[in-house]
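Engineer: Here you go, sequence then predicted model.
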Amino acid sequence: AIFILKFPSETTKKEAACLSAGVFKNKKNKEQIVMKKKWTMFACAAMAAVMGSALFVSCGGNRNYAENNEKFYIGASGPLTGGAAVYGKAVQNGAQLAVEEINAAGGLNGTQFEFVIMDDGNDDTRVNSNYASLYEKGMQVSLGCVTTKPCLAFKQLAEEDNLFFLTPSATGDDVVGGGNAYQMCFSDSGQGTAAAEYVKENVTESTIGIFYKSDDPYSNGIYQNFISALGENSGFTFVETNFTDDTNADFSSQINRLKDCKFIFMPIYTEPASLFMMQANGIISDDATYFGCDGFDGIESAFTTTPISEIPQEISYLSHFDATAESGAAKEFIDSYTEKYGKDTLNQFGAAAYDCVYAIYEAMENAVSAGKEIPVNISPSDLCDILKETFQKEDFTFDGVTGTGIYWSEDGTVNKNPVKYIVKEKNSAA
């Protein structure tokens, strides 16, 4: 066999794996670099002859690791430990529930599916190894990552391999746009714009309070787009305050700044939001409204020292999933999910993951019906091309638990209607 090894001017992610493994080592002296490359080309060629295509891939090749698959393999990376674990576990549970249902119904023309998620602890530095492990185990399609920053790292790797992924919850605008990256969740700009539209149409207060996390891409992204969508001539006066990872324990100064606001927009996650509300109890007006985006999902279980029932203000948010639905597909999902996993991780992350798996399955089913061949050992790249073509069809829409008539724009952003979900009315028990 003849192996041709190329060394581009910029090291790819796969070649970076060779670097970290010690195959290439930088030297300060230019002559040593040249000699090292020549030696490496010889070594890789010799070792490839012995070890076959495995080493060829590790040096930048394109082997189909799914060639021996007996099931369609869906992979993902997400936080199963740490502060964001509630989101990762919800995605794990929701996706697994969908896979089990699809398999029980016969899979895709008799072929079963498998879902595997690896823990990244919401740490983007762990994504490379997770991705490599999943890919080498036969991953053919993915849910990407649960949160935005890790998903941006995942996106770069998926682009190199032309791997299709549909993330349930990584909302960053930059997550999509590469051609093979899609979202089931609303993007940050989409949430910011939707929140602004809601405020324009429903809020009568002239002053809007804003409390956001300035060092969090999710929170800061929604905030920026919210302000932009309202525009300079909105007629509202804004009282803005923020926090960071280093100032997330005591919100007394922020509460004091917002104490006269009757409507407070909080594009943040449940833990800091609930802490703010508990610390603001008795200071912020009882008839105020705390209004968030999908990061508020599951906030009922985030209150510790003060029960949510003792928070007098309205707590509400825009989302694509109502965890209290009493009919329809959402109700069926809630019943199945809680029977299997309980209520602790019932949130829109799990619902969106459930929809992601079904959307991928239905797209594959649609493609097969249209004459495409999707064998169980199809390569990630070939499956990606099929899924991209299907998701971009004008007549391909998806009905799930997070919406009906769902479709995707060319850049991978999702199109569906957000709904306001009231967690707790003003001056009422939760």
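Structural biologist: Sure, I can see it.
Engineer: Which strand or helix spans residue 74?
Structural biologist: strand 72-78 (DSSP states H and E).
Engineer: Just to check, residue 116 is in contact with residue 75?
Structural biologist: Yes. Assessed by CB atoms under 8 Å, residue 116 is found in contact with residue 75 at 5.5 Å. Every residue, glycine included, has its C-beta placed from N, CA and C.
Engineer: Now do the same contact list for the nearest residue to residue 391 once chain neighbours are set aside.
Structural biologist: In space, and not counting its chain neighbours, residue 391 is closest to residue 408: 5.2 Å by CB to CB, 6 or more residues apart in numbering. Each residue near residue 408 by CB atoms under 8 Å, 6 or more residues apart in numbering is listed here: 182, 391-392, 414-415.
Engineer: how does it look with 6 Å?
Structural biologist: For residue 408, the contacting residues are 182, 391, 414, by CB atoms under 6 Å, 6 or more residues apart in numbering.
Engineer: Next, count neighbours for the last one.
Structural biologist: It refers to residue 414. 24 (other CB atoms under 10 Å).
Engineer: Could you do the first one as well?
Structural biologist: Summarising burial for residue 182: neighbours were counted as other CB under 10 Å, giving 25.
Engineer: Wasn't it part of a strand?
Structural biologist: Yes. With DSSP: H, G, I helix; E, B strand; the rest coil as the criterion, residue 182 is assigned to a strand.
Engineer: Correct me if wrong: it contacts residue 166.
Structural biologist: Yes. The pair residue 182 / residue 166 is scored as a contact, 4.5 Å apart, by CB atoms under 6 Å.
Engineer: Settle it for me: which of residue 116 and residue 75 has more neighbours?
Structural biologist: residue 75 (26 against 18).
Engineer: wait, isn't the more buried one in contact with residue 141?
Structural biologist: No. Counting by CB under 6 Å, residue 75 stays clear of residue 141, with 7.9 Å between them.
Engineer: what's the helix or strand for residue 97?
Structural biologist: Using DSSP H and E, residue 97 falls in helix 85-104.
Engineer: which residues make contact with the helix or strand just after that helix from outside it?
Structural biologist: Downstream of helix 85-104, the first helix or strand assigned by DSSP H and E is strand 113-119. Outside strand 113-119, the residues within contact range by CB under 6 Å, 6+ apart are 71-78, 80-81, 92, 95-96, 99, 102-103, 130.
Engineer: Just the buried residues of these.
Structural biologist: If you count burial by 16 or more other CB atoms under 10 Å, the buried members of those come out as 71-78, 80, 92, 95-96, 99, 102, 130.
Engineer: Between which two of the residues you listed is the distance greatest?
Structural biologist: Of all pairs drawn from those, the greatest distance, 23.7 Å, lies between 102 and 130 (CB to CB).
Engineer: picking up where we left off before, what is the nearest of the contacts of residue 408 to residue 262?
Structural biologist: residue 414 (32.3 Å).
Engineer: So the closest one is in contact with residue 183, correct?
Structural biologist: Yes. The pair residue 414 / residue 183 is scored as a contact, 5.2 Å apart, by CB under 6 Å.
Engineer: Got phi/psi on residue 152?
Structural biologist: When read as degrees, to the nearest 10, the backbone of residue 152 gives phi -70, psi -40.
Engineer: which strands and helices sit next to the helix or strand hosting residue 144?
Structural biologist: Assigned by DSSP H and E, residue 144 belongs to strand 141-145. Using 3 or more CB pairs under 6 Å, 6 or more residues apart in numbering; DSSP states H and E, the elements in contact with strand 141-145 are strand 72-78, helix 148-161, strand 165-167.
Engineer: Pick the most buried one from those.
Structural biologist: strand 165-167 (a mean of 30; mean count of other CB atoms under 10 Å).
Engineer: what sits up against that one?
Structural biologist: Contacts for strand 165-167 (CB under 6 Å, 6+ apart): 142, 144, 151, 158, 181-184, 356.
Engineer: Identify the farthest-apart pair in those residues.
Structural biologist: 158 and 184 (15.8 Å).
Engineer: Then residue 343 would be within a strand, right?
Structural biologist: No. Using three-state DSSP, the secondary structure at residue 343 is coil, not a strand.
Engineer: Can you check the pLDDT for it?
Structural biologist: In this model, residue 343 is scored at 90, pLDDT.
Engineer: residues near it, how many?
Structural biologist: 13.
Engineer: swap in residue 110?
Structural biologist: 7.
Engineer: Next one, pLDDT for it please.
Structural biologist: 97.
Engineer: ok, now residue 31?
Structural biologist: 43.
Engineer: Could you report the distance from residue 102 to residue 325?
Structural biologist: The spacing between residue 102 and residue 325, counted by CB to CB, to the nearest Å, is 22 Å.
Engineer: Over to residue 150?
Structural biologist: For residue 150 relative to residue 325 (CB to CB), the value is 30 Å.
Engineer: Then residue 302?
Structural biologist: 21 Å.
Engineer: do residue 252 as well
Structural biologist: The value you get for residue 252 to residue 325, if CB to CB is used, is 38 Å.
Engineer: who has more neighbours, the two?
Structural biologist: residue 325 (17 against 10).
Engineer: what residues are up against that one?
Structural biologist: residue 331.
Engineer: Give me the three-state assignment for it.
Structural biologist: Strictly by three-state DSSP, residue 325 counts as coil.
Engineer: the strands in the stretch 251-400 of the chain, which residues?
Structural biologist: For the stretch 251-400 of the chain, the strands defined by DSSP state E, counting those that start in this stretch cover 263-265, 289-292, 314-319, 398-400.
Engineer: Which member of the contacts of residue 408 is positioned nearest residue 237?
Structural biologist: residue 414 (32.9 Å).
Engineer: Spell out which residues sit in contact with the closest one, please.
Structural biologist: 183-184, 408.
Engineer: tell me the phi and psi of it?
Structural biologist: Per degrees, to the nearest 10, the backbone of residue 414 is at phi -90, psi 150.
Engineer: so it bridges to which residues?
Structural biologist: residue 408 (DSSP bridges).
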